[in-house]
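Undergrad: Here is my input, please return the structure:
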Amino acid sequence: MIPTRSPNKTTTPQNSFSDVDNAFDTYTATIKEKTAEDKLLEFVEQQISQMQKYSNLGELQGSPGWFELNNALMDYNRIQTSLIGLDVMAKQEAYKADELLKDKQAEWYIEAREKLNPLSLSAQKWCSSSEIEAYVRVNHQEELHKLTREANVANNKVAAIRRLLDSWDKYALILNRLCKNVETESLAFANESKLSAM
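TA: Numbers count the residues shown, from 1 in each chain. A predicted model of the protein is given here:
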């Protein structure tokens, strides 16, 4: 049982425990913070898991029938629509990440050029563009790497969704072939029934 504190008793100094709690929360949040690559991997694994879940007809005993194929076709349309929505959102996310990276690089380049090539200095002594870019990379290394990783992850997410869409389109061909097979088997069974009834 957790002991309670009477309001009449002397209280502990303010923030004696809250400071420790805040420090612990900050520490655990830092540990649990996922990198951009971890988030991409988790996203891809989730999408592949969903694809496998809705496209798995292999667990059925024998060939799938009309009922299973009908459910698969309904799931196909729903998943395809979801993937298209994810594709649009991922492209927008990648565009924002690319633009932010370009904006920051331009901002840092202009700041470095004004610092390294002041108007008071003769043009012959100015740093070249490659030297300015190297200066930017060295002085903004951590933030530049972070923005570059985020842009790469966003673009890789777009590529992953495009591959999932392509795979889903191929799955449609499989469903179409299975439907034709079931239709052929049904017609053959109907013909056999007619012949046996004669």
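
Undergrad: biggest helix in the protein, by residue count?
TA: Looking across the chain with DSSP state H, the single longest helix is helix 141-197.

Undergrad: quick one: residue 149 from residue 83, how far?
TA: Per C-beta to C-beta, to the nearest Å, residue 149 is found 25 Å from residue 83. Glycine gets a C-beta too; all of them are placed from N, C-alpha and C.

Undergrad: no no, residue 111
TA: 42 Å.

Undergrad: For the two, indicate the residue with more neighbours.
TA: Neighbour comparison, residue 111 and residue 83: the larger count goes to residue 83, with 19 against 15 (by other C-beta atoms under 10 Å).

Undergrad: how about residue 121, secondary structure?
TA: coil (DSSP: H, G, I helix; E, B strand; the rest coil).

Undergrad: where does it fall, phi/psi-wise?
TA: Residue 121 adopts backbone torsions of phi -90, psi 140, taken as degrees, to the nearest 10.

Undergrad: pLDDT wise, what is it at?
TA: Residue 121 is assigned 86 on the pLDDT scale.

Undergrad: which residues sit against stretch 135-151?
TA: Here stretch 135-151 makes contact (C-beta atoms under 8 Å, 6 or more residues apart in numbering) with 35-37, 94, 97-98, 100-101, 104-105, 108-109, 112, 116, 127.

Undergrad: Now list the buried members of those.
TA: Neighbour-count burial (16 or more other C-beta atoms under 10 Å) is assigned, among these, to 36, 94, 97, 98, 101, 105, 108, 112, 127.

Undergrad: for the chain, what helix or strand is lowest in average pLDDT?
TA: Ranking every helix and strand in the chain by mean pLDDT, DSSP states H and E puts helix 18-32 at the bottom, with a mean of 45.

Undergrad: pLDDT weak spots in this structure?
TA: Across the chain, the ranges flagged by pLDDT under 70 are 1-37, 39-41, 44, 50-66, 188-198.

Undergrad: let's see it at 50
TA: 1-17, 19-21, 23-24, 26-32 (pLDDT under 50).

Undergrad: Any idea how many residues pack against residue 161?
TA: 22.

Undergrad: Please apply the same query to the one 5 residues further on.
TA: Applying other C-beta under 10 Å, we find 10 residues neighbouring residue 166.

Undergrad: List the residues that contact it.
TA: Counting by C-beta under 8 Å, 6+ apart, residue 166 has no contacts.

Undergrad: Going forward, the N-terminal residue is numbered 42.
TA: Let's use 42 as the start, then, which means that last one is residue 207.

Undergrad: now it: how far from residue 194?
TA: If you go by C-beta to C-beta, the gap between residue 207 and residue 194 works out to 20 Å.

Undergrad: Specify the angle between the helix or strand hosting residue 148 and helix 182-238 in degrees.
TA: Assigned by DSSP states H and E, residue 148 belongs to helix 107-157. With axes from the mean of the first three to the mean of the last three C-alpha atoms, to 10 degrees defining the directions, helix 107-157 sits at 170 degrees from helix 182-238.

Undergrad: who does helix 107-157 touch, helix- and strand-wise?
TA: Secondary-structure packing of helix 107-157 (3 or more C-beta pairs under 8 Å, 6 or more residues apart in numbering; DSSP states H and E): helix 77-96, helix 170-180, helix 182-238.
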